[in-house]
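Participant: Pasting the sequence and the predicted coordinates here, then a few questions.
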Amino acid sequence: MRIVEKVLYGFGGLLALILLLIAICHYNPELTAKIGAEQKADAAEAHVENHVNDLLMVNTTVTLGELPAAENVQARMDNAPTGSNVTAGSTRAADDADTEENAESRLKIPGKVAGLSGYIPVRATGTEISQTKADEIAKELSKGETGSSLTFDGSIYPYYDIINETQRAVYRQIYANANAQNKHFAPVEDITANDLKNAFTSVVNDHPELFWVDTAYKYQYTPKGSVADITLVFNVTANNLDASKSEFEAAAKLIRDETYGNYTDYDKERIVHDTLIGKVKYDANAPMNQSAYSALVYGRTVCAGYARALQYVLQQLDIPCYYVTGYAGENHAWNIVKLDDGFYNVDSTWDDTNPNTYDYFNCSDDDFASDHVRRDLSIYLPACNGNRYSGLEVNPSVTPPAATTKPSTNTTTTTTTTTTTTTTPSNNTTTTTDQTTATNTESITVITVRGGGDADYIDNIGDYFNECFGAMIDRDDEVITFDLIVTDKKLWDNIYKAYDRGDCQEGYIDRYLVEKHKNACSMRVEAVPRTDGSYLLRHRAVIS
């Protein structure tokens, strides 16, 4: 009975308190509003917390890189070197993400470089396992090479300097195991999936010499989010790594040797840039095209290969060069180079045009603002505000694109024509050529240019390539025809041989196919001798 009485008394007391609170709120509306506001705030905070937890759950399986942990961002801000672009906004809160999205939507990509990208963000494949399974892995799986004694200079390896201490420990471990060709190992630190992504991304961004390591990995994690194991992915070069390294180093040395006798970092940088884009060809289907190996050894790559190759060669010359990832109409990669007065952006992929340019060589962030936006960890790289070495180089002169030659009334008849046909099946495959020479007795009109004079004629094969490219690039027809005039039979013979050797494909056809996103070009060229010794070349291109 006493227990029942106590329960009743307690219930009565609680009811009395509720009635008292109701009475107070009735006679004090301001208090009611305040209590309601606090309850709404608590609910909103709980909603945000749940939403953040949901995002973290999703992020364990996404393929895009995550940013450093918040506490490390603050440390980075507190210790940011002079010229760093790390600011309070770099924590990538919602308003910063909106700003980046707005910046990307405002980009204007020049037509001649549109599509010259190809960077693929780091891909991570995570599988959740039970805590029991994770405990078994911890007992059985070695950590492999821990890399605990390794050190990395932040001025050369900036991503190591960006990440936090836990991520650095796993960075060293990944680097050491990659060099030892250990694919599977347990993490040296208790680390989350997001922190693992930062560590792995930082390794591959800092170290282009690890060309046999794919920009993808696998891992298993517990329900609490701890990573149980890490599996690296190696490409085919790992099957005979010593031979692959020899080829890689030999190719890099050929470019370094071009800088011999030049003593300033700027001169070396310019020579490496020019030599690299002179040797490498953009090819979206090039094997291993996320690696420096594809550019240096195969000579065919995408933006990621250009950027990693430039990074590696300049690193070998003790010139700080960083790998930058972001957006330029598509996922894109380029470089930041440090010279004596500051940092500069360099996009060697976009400078590899026909002819090559310096349009994206040693540019400031303001110069790049209209067509490049950094993403992910790259937003923590230094701001590019150098100016002493901007705009020092002049682009090669380009002959204006040729229009169809206008005939005059001056005509005659000849009985011989020479025809060369070149078929290019794809800009991404090995080119095959088919040359034929035909003779006929049809009447051919020989055309002279009104006004005449050598100034109207093409006198070298380089200008011929430029004129062909210029005559085709602004047209979207399935059949393109145009006429050009070359100075003499000797130059025509050289052009004929260029088609025979496939040099014309290298000279302008491949570039046209890449820029116009076409698959094949069948080119027919008819040479007609003219009365002054020059030759009229009639072109008919069938595009598919």
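Facilitator: Right, received. Where do you want to start?
Participant: Please count neighbours and contacts with C-alpha atoms only from this point.
Facilitator: Fine.
Participant: got a pLDDT number for the residue nearest the centre of the chain?
Facilitator: The centroid of the chain falls nearest to residue 333 when counting by Cα atoms, centre = their mean (2.3 Å). We have a pLDDT of 97 for residue 333.
Participant: bridging residues for it?
Facilitator: Beta-bridge pairing for residue 333 (DSSP bridges): residue 325.
Participant: Contacts only, for it.
Facilitator: The contact partners of residue 333, taken as Cα atoms under 8 Å, 6 or more residues apart in numbering, are 117, 119, 303, 304, 307, 323, 324, 325, 326, 327, 347.
Participant: Which ones among these lie within helices?
Facilitator: Among those, the ones falling in helices (DSSP state H) are 303, 304, 307.
Participant: Nearest to residue 127 among those residues?
Facilitator: In terms of Cα to Cα, no member of the ones in helices among the contacts of residue 333 lies closer to residue 127 than residue 304, at 27.9 Å.
Participant: Surely that closest one is in contact with residue 334?
Facilitator: Yes - the pair residue 304 / residue 334 is scored as a contact, 7.3 Å apart, by Cα atoms under 8 Å.
Participant: right, and out of the ones in helices among the contacts of residue 333, which lies closest to residue 478?
Facilitator: Of all these, residue 478 sits closest to residue 303, with 28.9 Å by Cα to Cα.
Participant: So that closest one versus residue 289, what's the distance?
Facilitator: Taking Cα to Cα, to the nearest Å as the measure, residue 303 falls 8 Å from residue 289.
Participant: Please compare those two by neighbour count and tell me which comes out ahead.
Facilitator: residue 303 (29 against 24; other Cα atoms under 10 Å).
Participant: The more buried one touches residue 119, doesn't it?
Facilitator: Yes - counting by Cα under 8 Å, residue 303 does reach residue 119; the two are 6.1 Å apart.
Participant: hey, what's in contact with both of those two?
Facilitator: Any residue near both residue 303 and residue 119 by Cα under 8 Å, 6+ apart counts here, and that gives 290, 332, 333.
Participant: Nearest to residue 259 among these?
Facilitator: residue 333 (24.5 Å).
Participant: okay if I get the shared contacts of residue 303 and residue 119 as CSV plus distance to residue 259?
Facilitator: What follows is the shared contacts of residue 303 and residue 119, written out as CSV (distance: Cα to Cα, whole Å):
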residue, distance to residue 259
290, 26
332, 28
333, 25
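Participant: Out of those, which comes closest to residue 390?
Facilitator: Nearest to residue 390 among the shared contacts of residue 303 and residue 119: residue 333, at 20.1 Å, using Cα to Cα.
Participant: and the closest one, how far is that from residue 540?
Facilitator: Residue 333 sits 37 Å away from residue 540, going by Cα to Cα.
Participant: Ok, residue 390 next?
Facilitator: For residue 390, the distance to residue 540 - Cα to Cα - is 41 Å.
Participant: Check residue 260 too.
Facilitator: 45 Å.
Participant: out of these two, which sits in the more crowded spot?
Facilitator: Neighbour count, other Cα under 10 Å: between residue 260 and residue 540, residue 540 has more, with 18 against 10.
Participant: list the helices and strands the host helix or strand of that one packs on?
Facilitator: Element membership for residue 540, per DSSP states H and E: strand 535-543. Counting contacts by 3 or more Cα pairs under 8 Å, 6 or more residues apart in numbering; DSSP states H and E, strand 535-543 packs against strand 479-486, strand 521-529.
Participant: winner for burial among those?
Facilitator: Neighbour counts averaged per stretch over the helices and strands packed on strand 535-543 are highest for strand 521-529, at a mean of 21; criterion: mean count of other Cα atoms under 10 Å.
Participant: Just want the angle from that one to strand 479-486.
Facilitator: Here the directions of strand 521-529 and strand 479-486 differ by 40 degrees (axes from the mean of the first three to the mean of the last three Cα atoms, to 10 degrees).
Participant: who touches residue 345 in this structure?
Facilitator: Per Cα under 8 Å, 6+ apart, neighbours of residue 345: 334, 335, 336, 337, 360, 361, 362, 363, 364, 365, 368, 384.
Participant: Just among these, which is most surrounded?
Facilitator: Counting neighbours by other Cα under 10 Å, residue 362 leads the contacts of residue 345 with 31 neighbours.
Participant: So the residue nearest to it when sequence neighbours are not counted versus residue 296, what's the distance?
Facilitator: Nearest-residue entry for residue 362: residue 344, 4.8 Å, with adjacent residues in sequence omitted and distances by Cα to Cα, 6 or more residues apart in numbering. Noted for residue 344: a distance of 23 Å to residue 296, by Cα to Cα.
Participant: just for this protein, where's the confidence low?
Facilitator: Low-confidence regions of the chain, defined by pLDDT under 70, span residues 1-17, 19-101, 397-456.
Participant: Just the strands from the stretch 251-400 of the chain, written as ranges.
Facilitator: Assigned by DSSP state E, counting those that start in this stretch, the stretch 251-400 of the chain shows strands spanning 281-282, 300-301, 321-327, 331-339, 342-346, 373-374.
Participant: between the ones you listed, which gets nearest to residue 493?
Facilitator: Taking Cα to Cα, strand 281-282 is the member of the strands of the stretch 251-400 of the chain nearest to residue 493, at 26.3 Å.
Participant: Go ahead and name everything in contact with that closest one.
Facilitator: Strand 281-282 is contacted by residues 116, 299, 300, 301, 302, 303, 349, 352 when judged by Cα under 8 Å, 6+ apart.
Participant: swap in stretch 363-376?
Facilitator: So stretch 363-376 is in contact with 65-67, 100, 103-104, 106-109, 324-329, 343-346, 383-387, 390, going by Cα under 8 Å, 6+ apart.
Participant: Stretch 284-294 too?
Facilitator: With contact meaning Cα under 8 Å, 6+ apart, stretch 284-294 is reached by 118-120, 208-209, 211, 214-215, 235, 248, 295, 300-309, 312, 428.
Participant: can you rerun that using 6 Å?
Facilitator: Applying Cα atoms under 6 Å, 6 or more residues apart in numbering, the contact partners of stretch 284-294 are 211, 300, 301, 302, 304, 305, 308, 309, 428.
Participant: now the end-to-end length of it.
Facilitator: Span of stretch 284-294 from end to end, Cα to Cα: 11 Å.
Participant: And that stretch, what's buried?
Facilitator: Going by neighbour count (16 or more other Cα atoms under 10 Å), the buried part of stretch 284-294 is 284, 286, 287, 288, 289, 290, 291, 292, 293, 294.
Participant: now those as a markdown table including distance to residue 526?
Facilitator: Shown next, in a markdown table, are those (distance: Cα to Cα, whole Å):
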| residue | distance to residue 526 |
| --- | --- |
| 284 | 32 |
| 286 | 34 |
| 287 | 37 |
| 288 | 40 |
| 289 | 38 |
| 290 | 41 |
| 291 | 42 |
| 292 | 42 |
| 293 | 41 |
| 294 | 38 |
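Participant: ranges for the helices of the stretch 301-450 of the chain?
Facilitator: 303-316, 348-351, 365-368 (DSSP state H, counting those that start in this stretch).
Participant: elements contacting the first one?
Facilitator: Based on contacts counted as 3 or more Cα pairs under 6 Å, 6 or more residues apart in numbering; DSSP states H and E, the elements that helix 303-316 packs against are helix 292-293, strand 331-339.
Participant: same thing but at 8 Å, please
Facilitator: Secondary-structure packing of helix 303-316 (3+ Cα pairs under 8 Å, 6+ apart): helix 241-257, helix 265-279, helix 292-293, strand 321-327, strand 331-339, helix 348-351.
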